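Trainee: Okay, structure incoming, though there's no sequence with it:
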């Protein structure tokens, strides 16, 4: 089966470098034509673009996910390069990643028509990560961002944000509406840009690991796990079975807690305030157990390269099993309440439909993808130890409305609870952390995990002395903003918060 | 004789002032009561029945930040809105069936006053040209275009018993004896509940406690107000809620409203009234805890239902009770 459909994964490419890991391969080229050809070939094989970034070598890298595994396509650029070929005609979401590269490095994406700034808000005198000290190649646009104008009778714009009425992350949404109906939504991000790429450079491993778990607060386990897997691959570190179990448990805990929060918030945004006070105490209880067992409410720094910071004891397993049982009972009750609430279902159904065709074209994965017929789940698709021992089930729906995304979240909570229970009861112990060797030469590695939103990718290049040359961590949020923009038109302005919440992209993980 | 009439005049003024003071003082407390019950029903710890009063005091002490480009209209509307509600408090009988301003206490006048208040608020919201103000004003008018006629139909239905739209005479016609069961009044009461929820920006029409600016109706109109002006708007809205409840009590549960302003009757009637308001406030909190917010284009269906019911009540009177 692998023979003709996947020219990227053969025994010769040596993809499966880690025992029991998710297959991935590095494709490095210096030829722009070959870079484009490979991307086209991948796309025709049904691949999805996860993220695209530039590193200091200089090189452009694209993380592309195939059914069989992950391909890291990289184009090495000469030191004096001024441009690189754009993948936006092959993978539409590449455009904003390439505009980010344009803003940060001053490299021009060839073939990309839309060269508006993305991460730069008109305040930078020069590209901050530029390889050459050349001035900015485009005119500074100032704070006025040229949104796409929609013209017509009665069309007007509603600007929302970056400061919102609630305590949420900053982002700007520009609606073109006729009356209550949205014709077009354009997002403008970059308000939480922290310069993560620059912050990683030159850090030692412990510092970099701390940074990795702080990319997006709700995905601390997923981002630090992706980072750790990348480091472990780069340095050829073998992970003990016990550690793999603890990591899998932590990852599922994070998923359950976030799904609970999202479900509560979805009810609240539909005007059912009691939903918030039913779901959030469950999540809060999980946070408190996290704090007492693992030392941090949001599990920051619980996963480190080579292992985990806190192992599991018998007493801890008892606590977690009790919590598991309680959650199972409570969430079953809440699921019935949601399903039986006519008013709530009326708000959820047929709202914010992301059709399977659009989801496929944008390459949306995770909860949003699975709600729109995109059956991708790293835990299900790959035989990664230890989760595959317990046969994780795929949540899949084909309607793609808010109700679908609610159903997927409920399904995944139950599945995660089942997996956690199984992992806890068959915990092999002991969870010994590996020692981290010093690489004799620069080494690189990548890791990918199924976070609560979707795939989270980690990539590192480590220099001798265990210092990071470059690192990149990406969750699916930038793609989810595309999904949101695609699913809002045709809906009512007043339904936007509900649709937004049902995707729940991270601003912080998008802006990096 | 002259002495008597001047005594009568000053008594009338005293009673009117008492009635207004009652509404001004009680309206925030009723809000606090609804909030308290809501919090308890929703597993939250309540801030207490005095919280709206604390909020008002805080807002009155705060500085006022005026948005750029506001016109005098923006400044004039909050006092106007507040005064309209205070005047309306004189027209709705609740301490006695015939308040001193009885001759002008016409139900149609009252509906007109509420319309004027709404109109001025929507104008002020649109004054600045901000998208949220426009949106709020627009949506408010969308809710109103059917709740207003529905309110009128309800008034006509209840006035069929007295043959007059004057509220005191409606009340007098009701208080002649214990009411037998009247289908037309039952239907009108159902319509009134729907109108009440729409007019006062409560769930399932509007969510008074949301932070989501894109979903707001009433709150969107107030977004640019701050400090004392905001306090006037909020206090006015609280009065409006209380007045609607008092109207509902007048029409559909008038038992126990004293006919004259005697001190003994006042006390007894007042306690009974408070009891009714307590129950109605708790019921409102229950409704708001059980229902999700309607999709905004379902709101016209909701208000159309209110109008339909009110018309049905009106017709039923002739079919079944005539």
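Mentor: Good, I have the coordinates. Fair warning: this is a prediction, and the values are worked out from it, not measured in the lab.
Trainee: make it CA atoms for all contacts and neighbour counts henceforth
Mentor: Fine.
Trainee: give me every residue that touches residue B:283.
Mentor: Applying CA atoms under 8 Å, 6 or more residues apart in numbering or on different chains, we find residue B:283 in contact with no residue.
Trainee: Is it located within a helix, as I assumed?
Mentor: Yes: counting by DSSP: H, G, I helix; E, B strand; the rest coil, residue B:283 falls inside a helix.
Trainee: so what pLDDT did it get?
Mentor: On the pLDDT scale, residue B:283 is placed at 95.
Trainee: Distance of it relative to chain A?
Mentor: Noted for residue B:283: a distance of 16 Å to chain A, by CA to the nearest CA, to the nearest Å.
Trainee: Enumerate every residue touching residue 173.
Mentor: The chain I'm using is chain A. Here residue A:173 is in contact with A:159-162, A:185-188 (CA under 8 Å, 6+ apart).
Trainee: my question was about chain B
Mentor: Shown in contact with residue B:173 (CA under 8 Å, 6+ apart): B:161-162.
Trainee: now the helix or strand where it lies: how far from the chain's centre is it?
Mentor: Assigned by DSSP states H and E, residue B:173 belongs to helix B:167-174. Its chain's C-alpha centre and that of helix B:167-174 lie 19 Å apart, by CA atoms, centre = their mean, to the nearest Å.
Trainee: circling back: within reach of chain B, which of the contacts of residue A:173 are there?
Mentor: Filtering the contacts of residue A:173 for neighbours of chain B using CA under 8 Å from any CA of the partner chain leaves residue A:159.
Trainee: picking that back up, after the helix holding residue B:173 comes which helix or strand?
Mentor: helix B:183-199.
Trainee: For that following helix, name the packing helices and strands.
Mentor: Under the contact definition 3 or more CA pairs under 8 Å, 6 or more residues apart in numbering or on different chains; DSSP states H and E, helix B:183-199 sits against helix B:131-159, helix B:227-252, helix B:299-316.
Trainee: Name the nearest of the contacts of residue A:173 relative to residue B:255.
Mentor: residue A:160 (50.3 Å; CA to CA).
Trainee: is that closest one in a bridge, and if so with what?
Mentor: residue A:173 (DSSP bridges).
Trainee: Check what contacts stretch B:15-31 and list those residues.
Mentor: Contacts to stretch B:15-31, defined as CA under 8 Å, 6+ apart, come from residues B:49-50, B:52-53, B:86-87, B:89-90, B:95, B:99-101, B:235, B:238-239, B:241-243, B:277-278, B:281.
Trainee: residue at max distance from the center of chain A?
Mentor: residue A:153 (39.1 Å; CA atoms, centre = their mean).
Trainee: so residue A:184, which of the three states?
Mentor: strand.
Trainee: what's the answer for residue A:72, then?
Mentor: Quick answer, by three-state DSSP: residue A:72 is strand.
Trainee: I'd guessed it sits against residue A:60; true?
Mentor: No: when contacts are counted by CA atoms under 8 Å, residue A:72 is not listed as touching residue A:60 (10.2 Å).
Trainee: Need the nearest residue in space to residue B:81, chain neighbours excluded.
Mentor: Counting by CA to CA, 6 or more residues apart in numbering or on different chains, residue B:81 lies nearest to residue B:117, which is 5.3 Å off, once chain neighbours are set aside.
Trainee: on contacts alone, who are the packing partners of the lengthiest helix in chain A?
Mentor: As assigned by DSSP state H, the longest helix anywhere in chain A is helix A:241-269. Applying 3+ CA pairs under 8 Å, 6+ apart, one finds that helix A:241-269 makes contact with helix A:220-234, helix A:273-294, strand A:307-308, helix A:402-425, helix A:496-503.
Trainee: Might you enumerate the residues of chain B proximal to chain A?
Mentor: Along chain B, the residues adjacent to chain A under the rule CA under 8 Å from any CA are B:41-44, B:131-132, B:203-204, B:207, B:210-216, B:289-296.
Trainee: 10 Å instead?
Mentor: B:38-39, B:41-44, B:130-132, B:135, B:138-139, B:203-217, B:223, B:288-297 (CA under 10 Å from any CA of the partner chain).
Trainee: Contact partners for residue A:269?
Mentor: A:263, A:275-276, A:344, A:347, A:495-499, A:501, B:207, B:210-212, B:215, B:292-293 (CA atoms under 10 Å, 6 or more residues apart in numbering or on different chains).
Trainee: rewinding a little: please pick the buried ones from the contacts of stretch B:15-31.
Mentor: The neighbour count (16 or more other CA atoms under 10 Å in any protein chain shown) marks B:49, B:52-53, B:86, B:89-90, B:95, B:99-101, B:235, B:238-239, B:241-243, B:277, B:281 as buried among the contacts of stretch B:15-31.
Trainee: Could you list the low-pLDDT ranges of chain A?
Mentor: Along chain A, the parts satisfying pLDDT under 70 run over A:1-20, A:132-143.
Trainee: Domain map for it?
Mentor: A:2-127, A:196-511 (automatic domain parsing).
Trainee: Flag the shaky bits of chain B, pLDDT-wise.
Mentor: Per-residue confidence for chain B (pLDDT under 70) gives these ranges: B:1-8, B:102, B:175-180, B:260-263, B:322.
Trainee: redo that, cut-off 80
Mentor: Within chain B, the ranges that satisfy pLDDT under 80 run B:1-12, B:95-105, B:173-181, B:255-266, B:321-322.
Trainee: any chance you could map the strands in chain A?
Mentor: Using DSSP state E, the strands of chain A run over residues A:24-29, A:48-55, A:59-65, A:70-76, A:83-85, A:108-110, A:155-160, A:172-178, A:181-188, A:303-304, A:307-308, A:443-450, A:455-463, A:467-474.
Trainee: Most tightly packed of those strands?
Mentor: strand A:303-304 (a mean of 28; mean count of other CA atoms under 10 Å in any protein chain shown).
Trainee: Give me the sheet partners of that one and which way each runs.
Mentor: strand A:307-308 (antiparallel).
Trainee: buried stuff in stretch B:44-60?
Mentor: Residues B:46, B:49, B:51-53, B:56, B:59-60 are the ones in stretch B:44-60 that count as buried (16+ other CA under 10 Å).
Trainee: ok, back up a step: ranking the helices and strands packed on helix A:241-269 by burial, who's on top?
Mentor: Of the helices and strands packed on helix A:241-269, helix A:220-234 is the most buried (mean count of other CA under 10 Å), at a mean of 30.
Trainee: Now do that one against helix A:241-269, angle only.
Mentor: 150 degrees (axes from the mean of the first three to the mean of the last three CA atoms, to 10 degrees).
Trainee: In helices, which of the buried residues of stretch B:44-60 appear?
Mentor: Secondary structure defined by DSSP H assigns B:51-53, B:56, B:59-60 of the buried residues of stretch B:44-60 to helices.
Trainee: farthest-separated two in the residues you listed?
Mentor: Within these, B:51 and B:60 form the most distant pair, 14.2 Å apart (CA to CA).
Trainee: on that earlier part again, can you say which of the residues of chain B next to chain A are buried?
Mentor: Applying 16+ other CA under 10 Å to those flags B:38-39, B:41-42, B:131-132, B:135, B:138-139, B:203-208, B:210, B:212-217, B:223, B:288-296 as buried.
Trainee: Among those, which ones are in helices?
Mentor: Of those, the ones assigned to helices by DSSP H are B:38-39, B:41, B:131-132, B:135, B:138-139, B:288-290.
Trainee: out of those, what pair is the most spread apart?
Mentor: Among those, B:41 and B:131 lie farthest apart (CA to CA), at 34.6 Å.
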